[in-house]
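> Next come a sequence and a model predicted from it.
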Amino acid sequence: MKSHLRPFASICGCLLLLLCLPGCKTGPDKPPPNAFLIAVAGEAAYLGTAIDLQKNPAHRPYFDTTKLALDRLINDGTWDPVAFRLVLARLTEKVGPLRGETGAIALDAALLLFTTSTGYVDLEKSPQFRAYVIAIRDGLARGLTGAVPRARQLTLPPR
């Protein structure tokens, strides 16, 4: 190889090597946005249940009935968004929206999640709809255990 081509060949070789090597990680992976929203939905159901039961112990039958209905829908493999919305609508008619520190579950023409970072998210259109429903059911179950967290509830803005 001619001496005047060596620097060019070295540079091309280095560039090719850089393109072929995988990138280096400089920190932990960020969880996907849906994982955050699923956690917010579960937290809203948990805090909403626990705080409401602390203030209104007579609401327990509403929460128990809702949890059993969600269990039945999940166990039967019924993943119809309308069925889940109706179950949660019966609960929120009696006790109001389920609100946590970072999000709230709201019902409109759809099952919605409100977060301070994303605004309203239509859970029924999400490909992770099942994960949201399971997180809400699990949050209700945690709230029914009687453990009352020290937290403030998010105030829902008008829609």
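That came through fine.

> could you give the mean pLDDT of the host helix or strand of Q54?
According to DSSP states H and E, Q54 maps onto helix 33-55. The average pLDDT for helix 33-55 rounds to 88.

> If you count contacts, what does whichever helix or strand comes after that helix end up packed against?
Once the chain leaves helix 33-55, the next helix or strand it forms, by DSSP H and E, is helix 60-75. With contacts taken as 3 or more Cβ pairs under 8 Å, 6 or more residues apart in numbering; DSSP states H and E, helix 60-75 sits against helix 33-55, helix 81-95, helix 129-144. Every residue, glycine included, has its C-beta placed from N, CA and C.

> quick one: contacts for the residue most central in space within the chain?
With distances taken as Cα atoms, centre = their mean, I38 lies nearest the centre of the chain, 1.5 Å away. The neighbours of I38, taking Cβ atoms under 8 Å, 6 or more residues apart in numbering as the test, are Q128, A131, Y132, A135.

> ok, the residue lying closest to the last one once chain neighbours are set aside - how many residues close by?
This points to A135. In space, and not counting its chain neighbours, A135 is closest to G42: 3.6 Å by Cβ to Cβ, 6 or more residues apart in numbering. Residues lying near G42 (other Cβ atoms under 10 Å) number 24.

> do A39 as well
When neighbours are defined as other Cβ under 10 Å, A39 has 16 of them.

> what's the answer for Y46, then?
So Y46, with other Cβ under 10 Å, has 25 neighbours.

> Mean pLDDT per helix and strand in the chain: which one sits at the bottom?
Of all regular secondary-structure elements in the chain, judged by mean pLDDT, DSSP states H and E, the least confident is helix 6-20 with a mean of 43.

> For G100, give me the backbone phi and psi.
The phi/psi pair for G100 (degrees, to the nearest 10) reads phi -110, psi -160.
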